[in-house]
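1. model this:
(one chain, ligands or ions: 3)
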Amino acid sequence: MSDEKEWQETKFQRKALQVTDAQARLMAQAKRLEPQSVPLMESCGRYLAEDINAPHPFPAFNRSAMDGYALIAADTAECSGGSVVWLEVIDNIPCGAVPSQVIGSGQAARIMTGAQVPEGADTVIMLEVTETRQTDGLTYVGIRKPQKSGNSITPLGLELRQGDDLLPKGRLISAGEIAVLAAFGVHSVQVYRRPKVAIVATGTELLEVHEPLQPGKIRNSNSPMLEVLVREAGGEPVMLDAIVDDLELARSRVQMALDAYDLVITTGGVSVGDYDIMGDLVREHSVEMLFNKVSMRPGSVTTAALRGGKLLLALSGNPGACFVGFQLFGGPVVKEMQGAEQPYLPQWTARLGSDYNKVNNYTRFVRAKLVIKDGSVWAFPADIDESSVTVTIKDSDCLIVVPPEEKGLAAGARIQVIKLPGEIRG
Ligand SMILES: Nc1nc2c(c(=O)[nH]1)N[C@H]1C(S)=C(S)[C@@H](COP(=O)(O)OP(=O)(O)OC[C@H]3O[C@@H](n4cnc5c(N)ncnc54)[C@H](O)[C@@H]3O)O[C@H]1N2
Ligand code: MOO
Ligand SMILES: [Mg+2]
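-> Ligands and ions are numbered 1, 2, ... in the order given. Predicted structure coming up:
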């Protein structure tokens, strides 16, 4: 067989991998980037690069939960049936102060919420149920009911003991993580570097966003969409100019981008057409192709390759397929490079909102709206979810996973959905 003929045949004979196999093949090559130290507030939205253990107990001292008096519970055993026990107030402890006295029997300290409970005291009584009197220049607090030991005291180490696990490596940092890091004085946080992700659109038909429409041309909407998706996944998008369908140009642009950046994502030209240059490029010897067909719809043409240890993810040009391809492959890779605990999107069980009758040999990922109704999560498939459709991407909260063996699904069926990032539109 001539080289040209063989080349043409391999173009059409593609082996479709199952989605999970293709994901595994890609993720195995996703290198975690190096850790870097950032100031606390810059760590938000990043992934932790170290396990963090509590450097001290929390709280670090026995803490009053009320404004009141710290005393010894046993001293109040006598008060019942209206009799009042009077205790001498020997200290006044505002928040931030260190108690100066040890509480002995018959004594109490006035104490505020958040202040350190003095030694000797084992309970705090709230101000509202006490009375005070002055006698011979001394202050006494009167108590009418027996108190229980431990009341209104948050003991040292209640939340965490010194050395307890606080945050695991790979945890996405958001408000709660920031709060504990701040509480433990971690002002400089080790996180993984964000990958620089070059985005290249291919297509002679592409106009820039600001350009007026011209016959036969379309505006490049995939690049801006990918820019947002990369940022949402924690990467730093690097927007390169779109290129026309020219194999040499694509080769040099992709090589430059792979040399300069951590990951390259392209869109368009991955099918078998005459101008599908990315499909041709990944079959060249200069790159190691990982896969060029996946058993999914949309996005069956999703392609990945490796060159010099760097990954190239070539997504379809069809906007729906580009979007789904990114959610199943691009997002997870970008997160994996940042050391994410959970690089994949979460999968939920839901009920199907309306009948879905399309059948296919491939698993379908159907754009859908989520609605919470009667305590259940319902997913309503988009009216048009073809690979080439752009407008329903904006209305989608999830992707319904329709396995290939399904012969159509009736409204109410239990289904699996992949929750897309962001809020549910409602
Ligand atoms: N003979 C076959 N033809 C096709 C097959 C096949 O198996 N055999 N697969 C079809 C499937 S499935 C898909 S999906 C598409 C994939 O196409 P490509 O990834 O090669 O993308 P293009 O051909 O470049 O463009 C497809 C479509 O998308 C528009 N496009 C491209 N880039 C952008 C962009 N940046 N922003 C917005 N829209 C874009 C482009 O104009 C085309 O309309 O192939 C099928 N064909
Ligand atoms: O690859 Mo196409 O997106 O399957 O529809
Ligand atoms: Mg094409």
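
2. pLDDT value on the nearest residue to Tyr344 once chain neighbours are set aside, please?
-> Spatial nearest neighbour of Tyr344, chain neighbours left out: Pro332 (5.2 Å); criterion: C-beta to C-beta, 6 or more residues apart in numbering. C-beta coordinates here come from the backbone N, C-alpha and C atoms, glycine included. At Pro332, the model reports a pLDDT of 98.

3. hmm, who's touching the helix or strand that contains Pro332?
-> Assigned by DSSP states H and E, Pro332 belongs to helix 331-337. The contact list for helix 331-337 (C-beta atoms under 8 Å, 6 or more residues apart in numbering) reads 23, 26-27, 30-33, 47, 192, 195, 197, 229-230, 232-235, 262-263, 311, 313, 342-345, 421.

4. and what of stretch 417-426?
-> Here stretch 417-426 has contacts from 232-233, 327-328, 331, 345-350, 365, 368-372, 377, 379, 395-401, using C-beta under 8 Å, 6+ apart.

5. which positions in that stretch come out as buried?
-> 417-420 (16 or more other C-beta atoms under 10 Å).

6. ok, and for stretch 225-243, which residues are buried?
-> In stretch 225-243, counting by 16+ other C-beta under 10 Å, buried: 225-227, 229-230, 233-235, 237-238, 240, 242-243.

7. before we move on, what about stretch 64-71?
-> 64, 66-71.

8. closest to Glu288 out of those residues?
-> Nearest to Glu288 out of the buried residues of stretch 64-71 is Ser64 (C-beta to C-beta; 64.7 Å).

9. please name the bridge partners of that closest one.
-> Beta bridges link Ser64 to Ile153 when assigned by DSSP bridges.

10. so it makes contact with Val117?
-> Yes. If you go by C-beta atoms under 8 Å, Ser64 and Val117 touch, sitting 5.5 Å apart.

11. shared neighbours, these two?
-> 70, 111, 124, 153.

12. pretty sure the first one is touching Arg63, no?
-> Same thing as Ala70. No. Look at Ala70 against Arg63 with C-beta under 8 Å: they stay out of range, at 10.8 Å.

13. which neighbours do the two share?
-> With C-beta under 8 Å, 6+ apart as the test, Ala70 and Arg63 both reach 117, 153.

14. not counting sequence-adjacent ones, nearest residue to whichever residue of the stretch 301-426 of the chain sits closest to ligand 1?
-> The minimum distance from the stretch 301-426 of the chain to ligand 1, using C-beta to the nearest ligand atom, falls at Gly317 (2.6 Å). Once flanking residues are discounted, Gly317 sits nearest to Gly268: 3.1 Å by C-beta to C-beta, 6+ apart.

15. who's in contact with that neighbour?
-> 201-203, 206, 222, 278, 316-317.

16. restricted to strands, list these.
-> 201, 206 (DSSP state E).

17. if any of the contacts of Gly268 are buried, give me the PyMOL selection for them.
-> In PyMOL, this line selects whichever of the contacts of Gly268 come out buried by 16+ other C-beta under 10 Å:
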select buried, resi 201+202+203+206+222+278+316+317
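
18. show the pLDDT at the spatially closest residue to Leu206 that is not a sequence neighbour.
-> Distance criterion C-beta to C-beta, 6+ apart; nearest residue to Leu206, sequence neighbours excluded, is Asn220 at 4.2 Å. Note on Asn220: pLDDT of 98.

19. residue numbering should commence at 46 henceforth.
-> Happy to do that; since the first residue is 46 now, the last one works out to Asn265.

20. residue contacts, Asn265?
-> Asn265 neighbours (C-beta under 8 Å, 6+ apart): 246, 248, 251-254, 287.

21. what does Gln146 give?
-> 135-136, 152, 154, 163.

22. ditto for Phe425
-> Contacts of Phe425 (C-beta under 8 Å, 6+ apart): 398-399, 413-416.

23. now which of the residues you listed would you call buried?
-> By 16+ other C-beta under 10 Å, those give 398, 413-416 as buried.

24. ok now stretch 345-352, how far from the chain's centre?
-> 25 Å (C-alpha atoms, centre = their mean, to the nearest Å).

25. please export the C-alpha coordinates of it as CSV.
-> This file holds the C-alpha atoms of stretch 345-352, laid out as CSV (Å, rounded to 0.1, in the frame of the first residue of the first chain):
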residue,chain,number,x,y,z
SER,A,345,-16.9,12.1,19.4
VAL,A,346,-14.0,13.7,17.6
THR,A,347,-12.3,14.9,20.8
THR,A,348,-8.6,14.3,20.4
ALA,A,349,-5.5,14.3,22.6
ALA,A,350,-1.8,14.1,22.0
LEU,A,351,1.5,14.5,23.8
ARG,A,352,4.6,16.3,22.6
